[in-house]
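Enquirer: Sharing a model prediction with you, sequence too.
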Amino acid sequence: MPRRALPVGQQVHAVLVGEGQEAARGRAAELGQPDLFDRVQAVALEEPIPSFVHSALCAMSLPVRRPADETAPIIRQDGQYTLAITPRPVLQRIDGQQRMAVLGVPYGSLPRLVLIHIMTEAVRTRSRHIVLGSSFTDWMRRMGFRTVSYGPRGSATLIRQQLDRLLACEWTIRWDNETAAGEEEFAVKEVKLTNDYAGTNTRQGSFLREILLTQGFFEHLREHAVPLDENAIRQLRDSATALDLYTWLAYRLPRISKGRPALLSWSQVAVHFGNEGNNIRKFRQTIRDAWERHVSAVYPEARAEFDTASVRLHASPAPLQRRPICLVSVNATKAEDLRSLGTDPADKFLAALKRALGDAQAGAWLSDASMNTTGDGPVLLAGSRFKADWIRQQFSSQLALAASECGLPSVPAIGVRPQPAR
């Protein structure tokens, strides 16, 4: 059987890794998509930045565009699970009077970005209390918004409107199963993103929001958060379909058994993305285009085949498990060959910890870590505070095993590597 060609995004990535930037830029130009090189490079050369989203929103998405009936619930199904997002009436000041109004369901790329930001902050800070304001503007710029505009159609105003829609919705997750005896089992969990939020709307259209996630939603998110790469989100921010496809693959691919790919019909895929089976040919082309030109460029490890007849998904690493590529000359000696572990136990600790974690976890959390010795003993320096907290909380047994293997009397302290001055 002839070898299947890589999607164009992964083709450019392969050239970037093997031949360098100029060759990759040339390959993108040959493909007639020069912007593809910028998209690939923006992710491939950067250390992954952890972002998170609830697994239910990876498998079952919001509407891509404004629905004909904005007040109708969004209902999505994924196997045994059904997600319903229902807009509820909220008090709003209209013509100087407080009135109940239904804002409608959220749609498009903006509420997806808002949800990722809110959920990332909740996971990162381990707190239900989320503050949006001047930092939210900074986040918009980090997501790729070069300018933050106000007014009726300004970017800040549009995001505020979609945020208000999200906050007014209630979420119902239902699980159904049939036992071997033919009995039907079910479970229903009703949650709300928040029931306590406050804010300020200025005359210029800017805003501040303080959001307290409900305890139920927060606990459910902590159990079902899917890791994403913020660098990839930034490159996909303008396309709701590309964001949906990226988060869906980030959720599905790491959970597939090696050697047993998942085979889905286009009708099954359409259910995941909220397509009711209307115009499957157009839907299929939209998904394939998002995969070829967008998602494959920012998720180069993803192994998926989007044929005209079906979709085949293969086991793949999660987005945070990749390492940024290091561009060097062809004759350069590999960094691994130049690095000496030394004989000091503290020097050996990092290598022992990497072995204890395995290649995937070590690549995600220790790719930029180093060891340092202070007057109080050895210190493991992680690349960011987020990584330091994660290593300290999640890998206690592996830390203890590595310390014992290297003859250290106790586990080294976990710190943050100083950032170079800009």
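Expert: Noted; the coordinates are in hand.
Enquirer: Which residue ranges make up each domain of the chain?
Expert: Domain ranges of the chain: 50-255+269-278, 340-416, per automatic domain parsing.
Enquirer: need those domains in a markdown table with mean pLDDT, distance to residue 43 and mean neighbour count, can you?
Expert: C-beta here means a position set from N, CA and C on the backbone, and glycine is covered the same way. Supplementary listing: the domains of the chain in a markdown table, determined by pLDDT from 0 to 100; distance: least, C-beta to C-beta, whole Å; neighbours: other C-beta atoms under 10 Å:
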| stretch | mean pLDDT | distance to residue 43 | mean neighbour count |
| --- | --- | --- | --- |
| domain 50-255+269-278 | 81 | 5 | 17 |
| domain 340-416 | 80 | 15 | 16 |
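Enquirer: what's the closest of the ones you listed to residue 288?
Expert: The minimum distance between residue 288 and these falls on domain 50-255+269-278, with 9.9 Å, by C-beta to C-beta.
Enquirer: what's the distance between residue 70 and residue 62?
Expert: To residue 62, residue 70 is 12 Å away according to C-beta to C-beta, to the nearest Å.
Enquirer: Spit out the residues that contact those two alike.
Expert: Common contacts of residue 70 and residue 62 (C-beta atoms under 8 Å, 6 or more residues apart in numbering): residue 105.
Enquirer: how about the strands in the stretch 201-350 of the chain?
Expert: With DSSP state E, counting those that start in this stretch as the criterion, the stretch 201-350 of the chain has strands at 207-213, 225-229, 262-265, 304-306, 310-313.
Enquirer: what does the stretch 51-200 of the chain give?
Expert: Going by DSSP E, counting those that start in this stretch, the stretch 51-200 of the chain shows strands at 74-78, 81-87, 90-94, 97-101, 129-132, 169-178, 184-192, 194-201.
Enquirer: How about residues contacting the fifth one?
Expert: Same thing as strand 129-132. 117-118, 121-122, 163, 207-213.
Enquirer: Mind telling me the two of the residues you listed farthest from one another?
Expert: Longest span within the contacts of strand 129-132, C-beta to C-beta: 122 and 207, 19.6 Å.
Enquirer: sorry, back to before: columns distance to residue 398 on top of the strands of the stretch 51-200 of the chain, output as TSV?
Expert: TSV is the format used below for those (distance: least, C-beta to C-beta, whole Å):
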stretch	distance to residue 398
strand 74-78	33
strand 81-87	32
strand 90-94	47
strand 97-101	53
strand 129-132	31
strand 169-178	33
strand 184-192	33
strand 194-201	36
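Enquirer: and residue 236, which of the ones you listed is closest to it?
Expert: Comparing the strands of the stretch 51-200 of the chain by C-beta to C-beta, strand 74-78 comes nearest, at 20.0 Å.
Enquirer: Residues contacting that closest one, please?
Expert: Strand 74-78 has contacts (C-beta under 8 Å, 6+ apart) with 59-63, 82-86, 105, 271-272, 274.
Enquirer: Make a markdown table out of those residues and add distance to residue 44.
Expert: What follows is those, written out as a markdown table (distance: C-beta to C-beta, whole Å):
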| residue | distance to residue 44 |
| --- | --- |
| 59 | 27 |
| 60 | 30 |
| 61 | 26 |
| 62 | 29 |
| 63 | 32 |
| 82 | 38 |
| 83 | 33 |
| 84 | 39 |
| 85 | 35 |
| 86 | 41 |
| 105 | 36 |
| 271 | 33 |
| 272 | 27 |
| 274 | 31 |
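Enquirer: which one of the residues you listed sits closest to residue 348?
Expert: Nearest to residue 348 among these, with distances taken as C-beta to C-beta, is residue 59, at 42.5 Å.
Enquirer: how near is the nearest residue to the closest one once chain neighbours are set aside to residue 323?
Expert: In this structure, residue 59 finds its nearest non-sequential neighbour in residue 78, 4.0 Å apart by C-beta to C-beta, 6 or more residues apart in numbering. Distance, residue 78 to residue 323, by C-beta to C-beta: 31 Å.
Enquirer: hang on, residue 91 packs against residue 100?
Expert: Yes. Between residue 91 and residue 100 a contact is recorded at 6.2 Å, counting by C-beta atoms under 8 Å.
Enquirer: quick one on the thing from earlier: now the strands of the stretch 201-350 of the chain as JSON lines including distance to residue 154?
Expert: JSON lines is the format used below for these (distance: least, C-beta to C-beta, whole Å):
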{"stretch": "strand 207-213", "distance to residue 154": "11"}
{"stretch": "strand 225-229", "distance to residue 154": "27"}
{"stretch": "strand 262-265", "distance to residue 154": "40"}
{"stretch": "strand 304-306", "distance to residue 154": "36"}
{"stretch": "strand 310-313", "distance to residue 154": "38"}
